[in-house]
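> Sequence plus predicted model, see below.
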Amino acid sequence: MQPDLSRFSVNQITTPNWSMAQAIEGYAGQGVGGIACWRNYVADYGVERTARHIRDAGLWVASLCTSAWLNAATEADYRAAIEENRRILDTAAAMGAPCVVMVVGGLPAGCKDIMGQRARVRDALHALAPHARAVGVRLGLEPLHPMYAGDRSVLNSIKDANDLCDELGDAAGLVPDVYHCWWDPCFEAELRRAGPDRILTFHYCDWLVPTRNLRDRGMVGDGVVDIPRIRGWLDDIGYAGKFELELFSELDWWNRPGEETVRIGIERCAPHVGPLPAIAKDQS
Ligand code: ZN
């Protein structure tokens, strides 16, 4: 029996050697339901052309990755980054992406004030919220594991992301990723606090032991993350949204043919991306 992949997407960073066109065809060809796109591939292929190809292939768009970093050292560069993020929201709207995944950047060069930088990011999100609402694209807040706080994102806990969502209302939502959140004692409670509608897409991969570098995420099932339990929490809160395989894997999966990574990704994710149990029962 074919697995139900209607809720399942692949993030194209999982197959970085594929062009946009190859990723669209490669995912659709193996029955994947959706695609999460990265800006550089969209820019190479063209926004309209990407959108049309995705539609023609019968895929939906999970998200546009990622925002421009907000770790500018000068006020002028900071304002330019906000303006760039407005344009990224426009691109997302043009290609039917429901959200832009907000990777907000680490500390500005020479800065040691992480709390100050977090406040600055909060201000930036408030500055972006009206434009997000106007174009109908949500700010997808993805907390990153604290090991990335210095260089990639000062948003590091799902609790902080939920707090920001409370402030930003329907302009924002959560992009939880098991890789970034699995260790957090608050993970389950914060998913319950978020409820089903705040979660925009849900990222799967695994945490390898040992983790060899900052781009060494495991294929689902190869690490220590209890994905069946986490899926159970999502079913409990009635999450009916999307799942996404997202692998950064410099030493392993990025070096394999895309077809193989997608095929094995489907095999590993299929048990965890099916319909809600109640829906499955209705259909039987
Ligand atoms: Zn992620």
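Great, that's in hand. As the structure is a prediction and not an experimental result, all values here were calculated from the model.

> Quick one: residues in contact with the longest helix seen in the chain.
Longest helix in the chain by number of residues, with DSSP state H as the criterion: helix 114-135. With contact meaning C-beta atoms under 8 Å, 6 or more residues apart in numbering, helix 114-135 is reached by 70-71, 78, 81-82, 85-86, 89-90, 92-93, 100, 102, 104-108, 111, 138-139, 141, 149, 154-155, 160, 164, 167-172. For the C-beta atoms, the positions are set from N, CA and C on the backbone; glycine is no exception.

> C-alpha coordinates for it, CSV please?
Taking C-alpha atoms only, helix 114-135 is exported to CSV below (Å, rounded to 0.1, in the frame of the first residue of the first chain):
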residue,chain,number,x,y,z
ILE,A,114,22.4,38.7,23.5
MET,A,115,19.5,40.1,25.4
GLY,A,116,19.8,43.4,23.6
GLN,A,117,19.9,41.6,20.3
ARG,A,118,16.8,39.6,21.2
ALA,A,119,15.0,42.8,21.9
ARG,A,120,16.1,44.2,18.5
VAL,A,121,14.8,41.1,16.8
ARG,A,122,11.5,41.5,18.6
ASP,A,123,11.3,45.1,17.4
ALA,A,124,12.1,43.9,13.9
LEU,A,125,9.3,41.3,13.9
HIS,A,126,6.8,44.0,15.1
ALA,A,127,8.0,46.2,12.2
LEU,A,128,7.5,43.4,9.7
ALA,A,129,4.1,42.2,11.1
PRO,A,130,1.9,44.8,9.2
HIS,A,131,3.5,43.9,5.9
ALA,A,132,3.2,40.2,6.6
ARG,A,133,-0.6,40.7,7.2
ALA,A,134,-0.9,42.9,4.1
VAL,A,135,0.5,40.2,1.8
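
> Use 651 as the first number for this chain going forward.
Renumbered: residue one is now 651, and that last one reads helix 764-785.

> returning to what we had before: in ChimeraX, select just the buried ones from the contacts of helix 764-785.
The buried residues among the contacts of helix 764-785 can be selected in ChimeraX (16 or more other C-beta atoms under 10 Å) with this line:
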select :720,721,728,731,732,735,736,739,742,743,750,752,754,755,756,757,758,788,789,791,799,804,805,810,814,818,821,822
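
> Just the ones of the contacts of helix 764-785 in strands?
Judged by DSSP state E, strands contain the following of the contacts of helix 764-785: 750, 752, 788-789, 791, 822.

> As a markdown table, these with distance to the ion and pLDDT would be great.
Below are those laid out as a markdown table (distance: C-beta to the ion, whole Å; pLDDT from 0 to 100):
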| residue | distance to the ion | pLDDT |
| --- | --- | --- |
| Val750 | 13 | 98 |
| Met752 | 11 | 98 |
| Arg788 | 16 | 98 |
| Leu789 | 15 | 98 |
| Leu791 | 11 | 98 |
| Ala822 | 16 | 98 |
